[in-house]
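J.: Sequence unavailable; structure follows:
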């Protein structure tokens with residue numbers, strides 16, 4: 001209890017007691033004055049006794065409090081000297097003024113007074129707003145808490161904690177699935193003995209690889225292996241960029257079709273059930289991107305490794321017929337079909353949309369194509385459509401389409417599987433029934449719970465896929481000249497006139513369209529280039545420089561459309577000795593665009609993915625926000641340097 005409160009209470013008590021005694025003595029003095037005198041003397045003696053008692057109590061209390069304070073100060077001083085936390089006081093210049101003994105133990109230096117802390121802890125960030133920082137010191141790890149107002153540091157050795165944390169992270173379980181992509185295709189034409197020898201060699205190499213890295217391997221199907229490892233092993237695999245992919249491909253390179261692997265890895269979650277689900281999802285993504293690669297999903301991080309070869313065509317007529325039948329049923333069950341491609345649609349997106357619209361009309365249903373901003377490359381096609389007697393009425397705005405959505409509306413997404421890239425993502429969110437038809441390699445973002453998904457990265461274009469599906473919609477198909485030509489134009493553009501990503505099925509689709517009145521002359525008319533664009537492209541080609549011996553890089557200072565950037569990249573690829581090209585320019589929307597092309601020896605898709613974009617092995621792009629073309633070029637060069645160190649630029 002505080003001194004002043006107790007003293008005040010004692011004084012008040014004595015005063016009240018004295019007043020009460022005097023009043024009582026005064027009453028007695030009226031009749032017995034002598035007795036009153038006696039009581040007065042007794043009262044004075046009693047008050048004096050109480051006063052003396054109170055004085056002694058106050059002195060003893062002060063002495064006790066003084067003793068406690070001394071003990072507390074001494075205990076605090078002892079704690080400061082012996083606590084296993086380094087404590088340092090420093091001056092305004094950052095020099096040491098005082099430290100406790102434990103700090104000296106931590107740094108192992110006798111001469112510390114006046115020494116700059118920046119010399120002892122060079123990695124300490126003095127300007128950081130964070131109160132706590134973790135820094136390395138020699139072979140230790142320290143946590144430093146800064147009190148800038150008092151110019152005080154608290155240093156704690158957290159080395160053991162970090163080691164324990166690292167051990168926990170490194171020993172967390174990781175699941176994986178290895179899939180032999182094209183085992184059946186590779187084995188075709190081989191006799192039973194050759195097939196057995198090939199499979200034995202492949203399995204033996206995978207087993208040796210797993211044993212070498214301490215990976216548990218279990219084969220559960222002819223073309224699938226289940227693997228279990230730790231995150232420490234996963235880090236090793238990521239460091240080597242899953243070289244087992246290259247080793248298997250190189251070992252079987254003498255075959256007509258090399259054998260490739262797809263690997264799905266799941267990590268970074270506590271639940272084993274969720275870990276298994278993530279692993280299967282990762283494998284699906286790797287296969288959806290064309291195979292011959294590893295997809296690693298660790299928490300929120302999704303990484304890809306490999307993918308150095310073109311996807312081997314594995315589609316078959318049975319799958320196309322099944323997908324076509326499912327699409328037919330979905331169209332018949334719908335009241336309205338909305339067809340939508342990606343933002344700023346190109347020839348492939350519009351051609352595929354017109355093809356799906358034809359399928360809708362075959363079954364007597366109402367369908368519309370959602371179109372907003374037009375890509376300059378399709379303006380000639382749109383002019384032809386506007387002059388058509390029927391097609392213009394089926395093109396509607398995103399606003400009108402959104403108002404038409406009902407519970408029975410079917411949305412068909414073409415040439416993209418990412419909701420964020422569609423013309424109007426709100427339509428995707430509003431529709432319960434969604435079909436996806438796309439030829440791009442699958443990314444992490446994808447439509448949630450589609451009723452039908454047809455993603456084939458082995459196809460040249462979405463127009464090719466839609467053309468195949470049309471063949472099974474009806475026994476008798478009568479296509480309009482412009483409808484068939486739009487589909488053929490989509491194929492021609494995406495294959496660069498059948499020069500890239502062209503398989504046997506591509507020519508079959510083109511043949512079907514030609515039989516159904518597709519006009520090659522009209523295709524050439526639709527693809528004609530404006531002379532001003534040609535001059536701009538020539539000027540940009542003139543500015544190109546050669547990097548890494550066989551890579552052409554062109555940077556435009558002025559704003560250019562995405563079409564012109566892409567066409568310039570295609571033109572550079574036609575130059576002698578060029579195996580990949582990159583064109584950088586500011587787009588009309590303010591973003592910096594990079595278009596990338598290659599002949600197949602260099603995977604431009606993985607290069608663009610490291611910058612946040614994507615695409616195909618021979619055709620990819622990225623849009624960067626908040627930077628200029630110089631910084632974009634610098635980032636591209638950094639990525640190319642990394643890829644070169646990994647051997648990804650060798651041709």
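T.: On my side now, so go ahead. This structure is a prediction, so every number in the text was calculated from the model and none was measured.

J.: tell me the domain ranges of this protein?
T.: For the chain, the structural domains run 3-81, 86-163, 171-306, 319-526, 531-645, going by automatic domain parsing.

J.: and the shortest one, how far out from the chain's middle?
T.: Meaning domain 86-163. 36 Å (Cα atoms, centre = their mean, to the nearest Å).

J.: cool, the last one as well?
T.: Centroid displacement of domain 531-645 relative to its chain, using Cα atoms, centre = their mean, is 23 Å.

J.: and if you look at the third one?
T.: How far domain 171-306 lies from its chain's middle: 22 Å, per Cα atoms, centre = their mean.

J.: quick check: mean pLDDT across it?
T.: Averaged across domain 171-306, pLDDT comes to 89.

J.: circling back to that earlier point, redo the domains of the chain as a markdown table? Include mean neighbour count.
T.: The way it works is simple: take the backbone N, C-alpha and C, and place the C-beta from them, glycine included. Converted to a markdown table, the domains of the chain look like this (neighbours: other Cβ atoms under 10 Å):
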| stretch | mean neighbour count |
| --- | --- |
| domain 3-81 | 12 |
| domain 86-163 | 14 |
| domain 171-306 | 17 |
| domain 319-526 | 20 |
| domain 531-645 | 19 |
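
J.: The ones you listed: lowest mean pLDDT?
T.: Note on the domains of the chain: lowest mean pLDDT is at domain 3-81, with a mean of 69.

J.: list the contacts for the nearest residue to residue 366 once chain neighbours are set aside?
T.: The shortest distance from residue 366 to any non-neighbouring residue, by Cβ to Cβ, 6 or more residues apart in numbering, is to residue 336 (5.2 Å). Each residue near residue 336 by Cβ atoms under 8 Å, 6 or more residues apart in numbering is listed here: 365, 366, 367, 368, 404, 406, 408, 409, 410.

J.: if we take those, which one ends up nearest to residue 500?
T.: Closest to residue 500 out of the contacts of residue 336 is residue 367 (31.2 Å), distances taken as Cβ to Cβ.

J.: counting contacts, what elements does whatever helix or strand that closest one lives in pack onto?
T.: Residue 367 is part of strand 366-370, with elements assigned from DSSP states H and E. The elements that strand 366-370 packs onto, with contact taken as 3 or more Cβ pairs under 8 Å, 6 or more residues apart in numbering; DSSP states H and E, are strand 336-340, helix 347-362, strand 395-396, helix 398-404.

J.: How about residues contacting that strand?
T.: 335-340, 350, 353-354, 356-357, 360-361, 394-398, 401, 404, 423-424, 427.

J.: Please name the bridge partners of the residue nearest to residue 366.
T.: Residue 336 forms beta bridges with residue 366, residue 409, as assigned by DSSP bridges.

J.: Please tell me how far it sits from residue 411.
T.: Using Cβ to Cβ, to the nearest Å, one gets 10 Å for the distance from residue 336 to residue 411.

J.: do the same with residue 619
T.: 26 Å.

J.: Next: residue 302.
T.: Distance, residue 302 to residue 411, by Cβ to Cβ: 25 Å.

J.: for residue 457, phi and psi?
T.: With angles defined as degrees, to the nearest 10, residue 457 sits at phi -70, psi -10.

J.: before we move on, back to that, between the contacts of residue 336, which is closest to residue 285?
T.: Closest approach to residue 285 among the contacts of residue 336 (Cβ to Cβ): residue 410, at 25.3 Å.

J.: ok so, going back, just name the closest of the contacts of residue 336 to residue 494, please.
T.: residue 367 (23.2 Å).

J.: Quick check: the gap between the closest one and residue 415.
T.: The gap separating residue 367 from residue 415 is 17 Å, by Cβ to Cβ.

J.: what's the answer for residue 265, then?
T.: Using Cβ to Cβ, residue 265 is found at 29 Å from residue 415.

J.: and what of residue 195?
T.: In terms of Cβ to Cβ, residue 195 sits 38 Å off from residue 415.

J.: Ok, residue 353 next?
T.: For residue 353, the distance to residue 415 - Cβ to Cβ - is 8 Å.

J.: shared neighbours of the two, anything?
T.: Listed as contacting both residue 353 and residue 415 by Cβ under 8 Å, 6+ apart are 341, 345.

J.: Now do the helices in the stretch 501-650 of the chain.
T.: With DSSP state H, counting those that start in this stretch, the ranges of helices along the stretch 501-650 of the chain come out as 504-515, 520-526, 531-542, 562-573, 604-610, 629-645.

J.: Residue 481: which of those helices is closest?
T.: Checking those against residue 481 by Cβ to Cβ gives helix 520-526 as the closest, at 7.4 Å.

J.: name the helices or strands packed onto the closest one?
T.: Using 3+ Cβ pairs under 8 Å, 6+ apart, helix 520-526 sits against helix 379-387, helix 481-494.

J.: I'd like these as TSV, with distance to residue 156 appended.
T.: Shown next, in TSV, are the helices and strands packed on helix 520-526 (distance: least, Cβ to Cβ, whole Å):
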stretch	distance to residue 156
helix 379-387	67
helix 481-494	60
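
J.: Ok, which of the ones you listed comes nearest residue 135?
T.: Of all the helices and strands packed on helix 520-526, the one in closest proximity to residue 135, counting by Cβ to Cβ, is helix 481-494 (52.9 Å).

J.: and the angle for that closest one with helix 504-515?
T.: In terms of direction (axes from the mean of the first three to the mean of the last three Cα atoms, to 10 degrees), helix 481-494 departs from helix 504-515 by 150 degrees.

J.: Just give me how far helix 481-494 sits from the chain centre.
T.: On Cα atoms, centre = their mean, the centre of helix 481-494 falls 35 Å from that of its chain.

J.: so that helix versus helix 347-362, what angle?
T.: Helix 481-494 runs at 150 degrees relative to helix 347-362, counting by the same axes, to 10 degrees.

J.: what comes into contact with helix 481-494?
T.: Contact partners of helix 481-494, identified using Cβ under 8 Å, 6+ apart, comprise 346-352, 354-355, 358, 377, 381, 384-385, 388, 391, 439, 460-464, 466-467, 498, 501, 506, 509-510, 513-514, 516-520, 522-523, 526-527.

J.: try 6 Å this time
T.: 347-348, 351, 354-355, 358, 384, 388, 460-461, 463-464, 467, 510, 513, 516-519, 522-523, 526 (Cβ atoms under 6 Å, 6 or more residues apart in numbering).
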